[in-house]
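Q: What follows is a predicted structure for the sequence shown.
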Amino acid sequence: MHPHAHLEGSKLFEFLRDHFNHFPSIGKVELPSEIGSGYIYKIGLFEKMTLLIVQCTLNENETGSRNTAPVNQEYLSFSFRNILPILEKSDLAIFPYVQLSSSNIELDILLPGGIKINNLIIGVKVEYLKELLSHGAGHELLKTILENKQPFLYEELISLNIVNLAKEIFEFTNFEILPDLYYKIKTEELIYQFFVTLLRRKESDNYPLNRNDLSVLYEIRNILLSDLTICPPQENLAKVANMSISKMSRLFKQIFGLSIYNYHQKIRITEAAKLLSQKKMSVSEVGYELGFSNLSHFSRLFERYVGVKPKKYSKES
């Protein structure tokens, strides 16, 4: 969702589209009771970026789409979604992630009802992003992004650094002293933290994507999230996707940065870290709950992804 995004398909999106079309520079919009509670705060940042701060609870699930339009092409969109549940008890269906998408790709959007939504959406002009990333312009992945020709979408898990930045943005109250400058600096920090993670990717293939591909690959991702105790066979997933295993695998890795198996393992260990730190479960309890029959294997895998053994992590968290 960037300044000129065309949204359709739900009461919320129709409401926002009407308000932002009639009042393009509007600040905070309180949601009407028939849609939910909370607000969406639109902040224009020096004609280079737009920040949407979304904190609301919807009455019901809202589904819609973001469609393409020629006026959108000068913008890229960063969507930081479900940010705060990483520090709280949360359903895996709403785990925290961030997407970077080109404006020439159509997206289906689902916002769940009945839970607190904490999202930050950044629309940034491509020319300004080129200024911010000028010293890394030789990286193949950055080249694809900054050329902004072929439709793309990249997703990463939200890091603790991003969570802490988001909390600062959500909790900011000093509107008397240069608030736009504050939001601009924090927005740029969020963009930086996203690229810190994204540029760890070694491969930069950019196969053509379309709306159907994205829909199918997110269905595959949701299947992986539905059961962390075991990774489904790729043959079964390919049938769901109606793709060859090779096509499904390369498009999945292009979007999420990992193979299907490694992505499942990473989410599995991320959930293990949450159970250790938030529910204060023992290492053996967490291991068995997530399907590890061999606790030594669980400990080694945890250390590979988190950097410390689960016992030490549990004591320090």
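A: All right, it came through fine. None of the values given here were measured: they were computed from a predicted structure.
Q: got a list of what Ile220 touches?
A: 237, 240-241, 248, 252, 260 (Cβ atoms under 8 Å, 6 or more residues apart in numbering). No exception for glycine: its C-beta is placed from N, CA and C like everyone else's.
Q: let me redo that: Pro208
A: Counting by Cβ under 8 Å, 6+ apart, Pro208 makes contact with 150-151.
Q: secondary structure class for it?
A: Assigned with DSSP: H, G, I helix; E, B strand; the rest coil, Pro208 falls in the coil class.
Q: what are the phi and psi angles of it?
A: Per-residue torsions, Pro208: phi -60, psi 140 (degrees, to the nearest 10).
Q: same thing with Leu120?
A: phi -130, psi 130.
Q: what's the pLDDT at it?
A: The model reports Leu120 with a pLDDT of 97.
Q: Repeat that for Pro179.
A: 94.
Q: Could you check the helix or strand that Arg17 is a member of and say which residues are buried?
A: Taking DSSP states H and E as the definition, one finds Arg17 inside helix 11-22. Using 16 or more other Cβ atoms under 10 Å as the test for burial, helix 11-22 gives 11-13, 15-16, 20.
Q: and which of those residues is nearest to Leu181?
A: Phe20 (23.1 Å; Cβ to Cβ).
Q: My guess is that closest one contacts Lys42. True?
A: Yes - Phe20 lies in contact with Lys42 (Cβ atoms under 8 Å); the separation is 6.8 Å.
Q: pLDDT weak spots in the stretch 1-150 of the chain?
A: The model of the stretch 1-150 of the chain has pLDDT under 70 over residues 1-9, 22-26, 68-72, 85-93, 136-137.
Q: residue boundaries of the helices in it?
A: Ranges of helices in the stretch 1-150 of the chain, per DSSP state H, counting those that start in this stretch, are 11-22, 126-132, 140-147.
Q: I'd like to know which of those helices lies nearest to Gly114.
A: Proximity to Gly114 (Cβ to Cβ) singles out helix 11-22 among the helices of the stretch 1-150 of the chain, at 13.8 Å.
Q: hang on, Ile169 in a strand?
A: No - counting by three-state DSSP, Ile169 is not part of a strand but helix.
Q: any idea how far it lies from Gly257?
A: Ile169 sits 25 Å away from Gly257, going by Cβ to Cβ, to the nearest Å.
Q: again, but for Phe20
A: 32 Å.
Q: Just give me the neighbour total for Glu289.
A: Glu289 has 15 neighbours, counted by other Cβ atoms under 10 Å.
Q: tell me, how many neighbours does Ile121 end up with?
A: Residues within reach of Ile121, counting by other Cβ under 10 Å, total 20.
Q: Bridge partners for it, pull those for me.
A: Leu52, Ser79 (DSSP bridges).
Q: returning to what we had before: packing partners for the helix holding Arg17?
A: If you count contacts as 3 or more Cβ pairs under 8 Å, 6 or more residues apart in numbering; DSSP states H and E, helix 11-22 packs onto strand 6-8, strand 36-45, strand 62-67.
Q: Measure how that helix sits relative to strand 36-45, angle-wise.
A: For helix 11-22 against strand 36-45, the angle by axes from the mean of the first three to the mean of the last three Cα atoms, to 10 degrees is 40 degrees.
Q: For helix 11-22, list the C-alpha coordinates in PDB.
A: Extracted in PDB, the C-alpha atoms of helix 11-22 (Å, rounded to 0.1, in the frame of the first residue of the first chain):
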ATOM      1  CA  LYS A  11     -15.200  -2.600   3.300                       C
ATOM      2  CA  LEU A  12     -11.900  -1.500   4.900                       C
ATOM      3  CA  PHE A  13     -10.200  -1.000   1.500                       C
ATOM      4  CA  GLU A  14     -13.200   0.900   0.100                       C
ATOM      5  CA  PHE A  15     -13.200   3.100   3.200                       C
ATOM      6  CA  LEU A  16      -9.500   3.900   3.000                       C
ATOM      7  CA  ARG A  17      -9.600   4.500  -0.800                       C
ATOM      8  CA  ASP A  18     -12.400   7.000  -0.400                       C
ATOM      9  CA  HIS A  19     -10.700   8.800   2.400                       C
ATOM     10  CA  PHE A  20      -7.300   9.000   0.800                       C
ATOM     11  CA  ASN A  21      -8.700  10.000  -2.600                       C
ATOM     12  CA  HIS A  22     -10.700  12.900  -1.000                       C
END
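Q: which pair in the buried residues of helix 11-22 spans the largest distance?
A: The largest separation in the buried residues of helix 11-22, counting by Cβ to Cβ, is between Lys11 and Phe20 at 15.1 Å.
Q: how is the chain carved up into domains?
A: As assigned by automatic domain parsing, the chain contains the domains 6-198, 211-316.
Q: Residue ranges in the stretch 151-300 of the chain under the pLDDT threshold?
A: Ranges of the stretch 151-300 of the chain meeting pLDDT under 70: 203-204.
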